[in-house]
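Asker: I would like to see how this sequence folds:
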Amino acid sequence: FFSDGSRELRVKAGETVLLPSIKIAAGQVLEREVDLPAVNPLTLAVEKVAGPNAAVSEVEILSTDPKPLGSPPQAAFPLPRLSPMPETDRIIDLAGTWRFNETAAITVPGEWAMQGFEVKSGQPAIYERDFHVPADWRGNRIKLRCDAVFSEATVWINGKEAGRHLGGFTPFELDLTALAKPGQQNTIRMSVVSETVADTLASASKYSCHQMGGITRGIRLFALPEVNVSSLRAATKFDKDYRDAMLELDIETEGEAMVSLSLSDPKGRNVPLTPALVPPGHASIPVSSPLKWDTEHPNLYTLTVKLEQAGKPVETLRQRIGFRRIEVRGNEIFVNGRPVKLRGSNHHEVYPLTGRSVPAGIARRDVELFREANVNLLRTCHYPPDEALLEAADELGMFIECEAPFCWAPGGGHKDYVCQATAEMA
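Answerer: Next up is the predicted model:
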């Protein structure tokens with residue numbers, strides 16, 4: 001046991017108390033050995049008796065049974081998916097003026113309360129607008145991306161339901177291919193309810209001191225080719241000397257294609273990759289002596305991913321990548337093998353005239369001001385931020401502690417929604 005503050009803990013296996021009281025002083029290291037009951041599955045609990053809340057960073061379990069120990073199987077939960085945005089001009093920004101409750105005009109993105117509207121508690125507000133889908137989008141996948149709608153949205157396209165989403169601070173995507181009409185005028189209608197379990201678990205309206213509600217972040221349509229990158233995840237790993245790295249990629253596609261990869265350094269110079277042409281799936285690619293990312297040196301590389309069929313590109317997308325490794329050792333955090341001191345602050349998305357729906361450019365300006373004040377960590381209390389804040393943090397050198405959208409949440413379960421919103425945040 002190691003503690004950053006004086007505390008008293010209790011350790012249990014199921015309902016069996018293994019260690020009724022462990023008193024630890026700040027900075028003290030204690031070791032205890034106990035016999036565990038032969039039960040399957042084994043559930044360990046470390047509980048607070050006195051002092052700060054219990055915290056666990058590492059547990060070592062030894063067994064005389066030669067069979068390996070393992071975690072019990074977890075119930076499968078479908079992970080949400082957002083299509084990586086390709087380099088394309090086939091995007092329609094739906095920000096602007098919408099019809100509100102059929103009689104008024106309202107600005108999107110925005111909160112309805114900050115624009116002088118009132119909606120009866122528990123009742124839906126109705127947003128509606130028309131848009132034209134270009135004729136040359138025919139034969140493509142047509143998607144709707146909502147960066148956030150507070151807090152439950154149901155969407156109709158041309159009078160037919162396209163889908164619904166619960167959660168006020170996480171993005172969602174709907175496939176409109178079967179409903180949108182290329183070459184014609186189309187209508188989108190959205191029903192938005194503020195008071196839901198998402199609002200309750202986030203304490204969002206409570207902290208805002210007013211009824212939160214509305215299409216609060218960006219909303220747009222875009223077209224993808226039938227063969228496209230459906231998921232792209234990139235991670236980096238360093239060797240033991242923190243010199244050379246591995247670029248770990250997981251790429252999923254809709255349709256069969258090969259994936260062409262290229263990498264450029266912060267100055268735009270090409271970095272050789274081997275292999276540079278891979279099938280969809282997992283790829284581990286060595287990168288020799290990359291410049292590291294940290295808050296004082298936010299070096300960003302650009303990964304270019306091209307889908308190819310018969311040697312011809314069908315889609316291109318780019319993603320910025322920082323080569324860095326974060327480790328927690330005891331009560332210290334290490335970045336690229338070096339200890340760092342965190343100087344942090346809470347951060348809310350808020351603007352005097354628009355409330356929780358902030359204008360473009362404000363997220364970046366917030367990061368600039370915090371960096372000028374020598375802050376290197378922002379805690380996004382108490383919900384995931386807009387992607388603009390994360391992009392600015394990558395570029396300007398800021399650690400982000402990203403919180404799931406739950407704050408002073410009451411009991412009562414809600415496991416499915418908690419899992420959904422946490423997965424959408426990640």
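
Asker: So residue 315 lies in a strand, does it not?
Answerer: Yes: residue state for residue 315 (DSSP: H, G, I helix; E, B strand; the rest coil) corresponds to a strand.

Asker: Torsion angles phi and psi at the closest residue to it other than its chain neighbours?
Answerer: Leaving aside its sequence neighbours, residue 315 sits nearest to residue 307 (CB to CB, 6 or more residues apart in numbering; 4.4 Å). (C-beta placed from N, C-alpha, C; glycine too.) Main-chain torsions, residue 307, degrees, to the nearest 10: phi -90, psi 130.

Asker: burial of residue 307, as a residue count?
Answerer: The local packing of residue 307 (other CB atoms under 10 Å) involves 25 other residues.

Asker: isn't it right up against residue 253?
Answerer: Yes: between residue 307 and residue 253 there is a contact under CB atoms under 8 Å: 6.5 Å.

Asker: Give me the common contacts of those two.
Answerer: Common contacts of residue 307 and residue 253 (CB atoms under 8 Å, 6 or more residues apart in numbering): 227, 228, 229, 259.

Asker: For the third one, give its distance to residue 260.
Answerer: Spelled out, that is residue 229. Using CB to CB, to the nearest Å, residue 229 is found at 12 Å from residue 260.

Asker: The two: which is more packed in?
Answerer: Taking other CB under 10 Å, residue 229 and residue 260 do not tie; residue 229 has more neighbours (25 against 17).

Asker: So which elements touch the strand or helix carrying that one?
Answerer: Taking DSSP states H and E as the definition, one finds residue 229 inside strand 228-238. Packing partners of strand 228-238 (3 or more CB pairs under 8 Å, 6 or more residues apart in numbering; DSSP states H and E): strand 245-254, strand 301-309, strand 312-321.

Asker: what would these look like in CSV with distance to residue 165?
Answerer: Formatted as CSV, the helices and strands packed on strand 228-238 follow (distance: least, CB to CB, whole Å):
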stretch, distance to residue 165
strand 245-254, 21
strand 301-309, 27
strand 312-321, 24
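
Asker: Which one, of those strands, ends up nearest to residue 95?
Answerer: Closest approach to residue 95 among these is made by strand 312-321 (22.4 Å; CB to CB).

Asker: what comes up buried for the following helix or strand past the closest one?
Answerer: Remark: after strand 312-321, the chain's next helix or strand is strand 326-329, criterion DSSP H and E. For strand 326-329, a neighbour-count test (16 or more other CB atoms under 10 Å) marks nothing as buried.

Asker: In its sheet, which strands sit next to strand 326-329, and in what direction?
Answerer: Strands adjacent to strand 326-329 in the sheet, as given by DSSP bridges, are strand 332-335 (antiparallel).

Asker: Pull out the buried residues from the strand it pairs with.
Answerer: 333, 335.

Asker: Show me what the next helix or strand after it is packed against.
Answerer: Moving toward the C-terminus from strand 332-335, the next helix or strand (DSSP H and E) is strand 338-340. Applying 3+ CB pairs under 8 Å, 6+ apart, we find strand 338-340 packed against strand 332-335.

Asker: So which of the shared contacts of residue 307 and residue 253 is the closest to residue 368?
Answerer: So of the shared contacts of residue 307 and residue 253, ranked by how close each gets to residue 368 (CB to CB), first place is residue 229, at 31.8 Å.

Asker: The closest one is in contact with residue 251, isn't it?
Answerer: Yes: the criterion here is CB under 8 Å, and residue 229 meets it with residue 251 at 6.4 Å.
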